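[1] sequence plus predicted model, see below.
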Amino acid sequence: MNAPWYDIVLKHTSAPQAVDLKNQIVEDGLILDKDFEWRWTQSVWDEMTGVTPSQTKFSFCEEKMAVFYQLKWQIST
């Protein structure tokens, strides 16, 4: 059985912002596809719900890292 991953979703992010945040995590020493995963999705229009904003999703294998980055980015934005 796989361990759970802990997600952070940042809405209204651009592709360059998402890459900068990913690079920040790598510079902090975490390993992509081992310690965390990430995905950026551009905004889309849906006839039923309207605009779904662009977003970046980070998934961490450790809850403490997800909480750390969520707090760090909340303070800096």
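    Here it is on my side, so go on.

[2] which stretches of this protein have low pLDDT?
    Applying pLDDT under 70 to the chain picks out residues 1, 76-77.

[3] partner residues bridging the nearest residue to Asp46 once chain neighbours are set aside?
    Once flanking residues are discounted, Asp46 sits nearest to Thr52: 6.1 Å by C-beta to C-beta, 6 or more residues apart in numbering. (Each C-beta comes from the backbone N, C-alpha and C, glycine too.) Using DSSP bridges, the bridge partners assigned to Thr52 are Val44.

[4] quick one: residues contacting Thr52.
    Ser43, Val44, Trp45, Asp46 (C-beta atoms under 8 Å, 6 or more residues apart in numbering).

[5] dump these to TSV, plus neighbour count and distance to Pro16.
    Output for these, formatted as TSV (neighbours: other C-beta atoms under 10 Å; distance: C-beta to C-beta, whole Å):
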residue	neighbour count	distance to Pro16
Ser43	11	15
Val44	10	19
Trp45	8	22
Asp46	8	25
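
[6] from the residues you listed, pick the one nearest Glu62.
    Ser43 (30.0 Å; C-beta to C-beta).

[7] grab the nearest non-local neighbour of the closest one.
    Here the residue nearest Ser43, using C-beta to C-beta, 6+ apart, is Ser54, at 4.4 Å.
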